[in-house]
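Asker: Build the 3D model from these lines:
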Amino acid sequence: MFKSSLLGTALSVSIAALAIADDDPVVVELFTSQGCSSCPPADRIMHELAKREDVIGLALHVDYWDYIGWKDEYANPDHALRQRAYARQGGRSMIYTPQMVINGQHDVVGAKSRDLDRIIDLHLTSEPEAQVKANRSGNEIDVEVNPIELPEGEAYDILVVQYSPLRHASIRRGELAGHELDYANVVENWQFAGQWNGRTPENFRVSLPLDLPAVVLVQKAGHGPIVAATRVK
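Answerer: Numbers count the residues shown, from 1 in each chain. Next comes the predicted model:
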């Protein structure tokens, strides 16, 4: 009877841990450009990532290849700033496309799907550090964050990201001139909802400017690791 009780408790804990893991997808940010001839294979991988429930794939188009002859219509200079911040955190002096950054911690050349899958699996099997839930009512989002196992003395940014599930581009000039390309999960808007101390549960509210899907990221301040993420329901 005692062993049965212990087994039931262990199973309950395991199921709870799995439930938290299933609700904590891995975030993959792809830095890409319509002016980059080596980017289409990585863009195709993003289409596959967009289908997964255990991954949040986000395509951040950058503008630093625009000078080649084609201005990326989905590019945002802030995306390049974010990529440079990741490079500084990782001790790198250069940025490039295509690049994928996984949970703000690891990076791979965007078209190396085997390396990407290995790192995604690593994060999927790691213990959750925090939990975030987000619900939408009209253009308002309510976010709830809870610590699970976070280091003391750190601050975390609550970021709300909106994206277009599918965008098309007819490229007329530059390295990809003549190509008709579809892009998945193109980031359209970033919002800072507030900063969290990571010690106690807290709620945040933010108004969305666009009628598009949204996700919430909980990221260590200063472009550190993403410790939790969720799709807005």
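
Asker: Quick check: which ranges of this protein have low pLDDT?
Answerer: Across the chain, residues meeting the criterion (pLDDT under 70) sit at 1-22.

Asker: Which stretches in it count as strands?
Answerer: Applying DSSP state E to the chain gives strands spanning 26-32, 55-61, 99-102, 106-109, 130-137, 140-147, 156-170, 180-196, 202-207, 214-220, 226-231.

Asker: what helices or strands is the fourth one leaning on?
Answerer: Strand 106-109 sits against strand 99-102, helix 113-124, with contacts defined as 3 or more CB pairs under 8 Å, 6 or more residues apart in numbering; DSSP states H and E. Every residue, glycine included, has its C-beta placed from N, CA and C.

Asker: strands paired with it, and their directions?
Answerer: Strand 106-109 has the following strand partners under DSSP bridges: strand 99-102 (antiparallel).

Asker: Go ahead and name everything in contact with the strand it pairs with.
Answerer: With CB atoms under 8 Å, 6 or more residues apart in numbering as the test, strand 99-102 has contacts from 26-31, 42, 45, 83, 86, 107-110, 116, 119-120, 123.

Asker: and with 6 Å instead?
Answerer: 28-31, 86, 107-108, 110, 116, 119 (CB atoms under 6 Å, 6 or more residues apart in numbering).

Asker: Over to stretch 27-34?
Answerer: Under CB under 6 Å, 6+ apart, the answer for stretch 27-34 is 39, 42-43, 46, 49, 55-62, 65, 70, 72, 83, 97-103, 110, 169, 171, 226, 229.

Asker: hang on, the earlier thing: closest to Pro165 out of the helices and strands packed on strand 106-109?
Answerer: strand 99-102 (18.5 Å; CB to CB).

Asker: Could I get the buried residue list for that closest one?
Answerer: In terms of neighbour count (16 or more other CB atoms under 10 Å), strand 99-102 has its buried residues at 99-102.

Asker: before we move on, what about stretch 87-97?
Answerer: 87, 89, 95-97.

Asker: what does stretch 113-120 give?
Answerer: In stretch 113-120, counting by 16+ other CB under 10 Å, buried: 113, 116, 119-120.

Asker: would CSV of the strands of the chain with distance to Asn76 be doable?
Answerer: Output for these, formatted as CSV (distance: least, CB to CB, whole Å):
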stretch, distance to Asn76
strand 26-32, 11
strand 55-61, 7
strand 99-102, 16
strand 106-109, 19
strand 130-137, 22
strand 140-147, 21
strand 156-170, 12
strand 180-196, 7
strand 202-207, 19
strand 214-220, 16
strand 226-231, 19
